[in-house]
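Asker: this is a predicted model, with the sequence first.
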Amino acid sequence: LSSLPLQILLYVNGIYYIFYFLATLAMIIYKSQVFSYPDDLLAPDLAVLFLMAVLEVPRSYLGFKGNLTEAEAPLGLSLGLTVGSVVLCVYLLLWQTYVLWADVLLNALLLSAYGLESGLKVTAIAAFVS
């Protein structure tokens, strides 16, 4: 009953997230050097990015584990962590100090992946329960 599309998406999203993290970190460093980035706003933007990275590890692990073992609880927890990651992603998309077009592109892609992944998780949980 485990979902192959969900497993593939979890894998691809894990690889994309590494790229996303490095690109976003590089852009924050770039923006802090090129623009007059207020020092009191640099720390929250970096904190959100690192908190998002900390959430990504258990979110992905629980998604993999829940799908492969056909267990609802880990997938449900992963779905809950996805909601937290979406909130942080929206922060980086809308409320970050400076938002470049590359930020918009990276965050839109990540939000799309989170949305698709969430739909597949709900479908997998429904299949496991029945």
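Answerer: Here it is on my side, so go on. Numbering: from 1, shown residues only.

Asker: surely Thr123 touches Pro5?
Answerer: No: under the criterion of C-beta atoms under 8 Å, Thr123 lies out of contact with Pro5, with a separation of 9.1 Å. C-beta here means a position set from N, CA and C on the backbone, and glycine is covered the same way.

Asker: how near is the residue nearest the centre of the chain to Ala43?
Answerer: For the chain, the residue nearest the mean C-alpha position is Ser85 (4.9 Å; C-alpha atoms, centre = their mean). Remark: distance between Ser85 and Ala43 (C-beta to C-beta, to the nearest Å) = 20 Å.

Asker: next: Ser118.
Answerer: As for Ser118, its distance to Ala43 is 30 Å (criterion: C-beta to C-beta).

Asker: who has more neighbours, the two?
Answerer: Under the neighbour definition other C-beta atoms under 10 Å, Ser118 and Ala43 were set side by side, and Ser118 has more, 15 against 10.

Asker: what sits against Gln33?
Answerer: By C-beta atoms under 8 Å, 6 or more residues apart in numbering, the contact list for Gln33 is empty.

Asker: what's the helix or strand for it?
Answerer: Taking DSSP states H and E as the definition, one finds Gln33 inside helix 4-34.

Asker: could you pull out the helices for this protein?
Answerer: When secondary structure is read from DSSP state H, the chain shows helices at 4-34, 39-69, 72-90, 101-129.

Asker: can you redo the ones you listed as CSV with mean pLDDT?
Answerer: What follows is the helices of the chain, written out as CSV (pLDDT from 0 to 100):
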stretch, mean pLDDT
helix 4-34, 97
helix 39-69, 96
helix 72-90, 98
helix 101-129, 98
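
Asker: taking helix 72-90 as reference, get the angle to the helix holding Gln33.
Answerer: Here the directions of helix 4-34 and helix 72-90 differ by 30 degrees (axes from the mean of the first three to the mean of the last three C-alpha atoms, to 10 degrees).

Asker: buried ones in helix 4-34?
Answerer: Buried residues in helix 4-34, counted by 16 or more other C-beta atoms under 10 Å: 6-7, 9-10, 13-14, 17, 20-21, 24, 27-28, 31-32.
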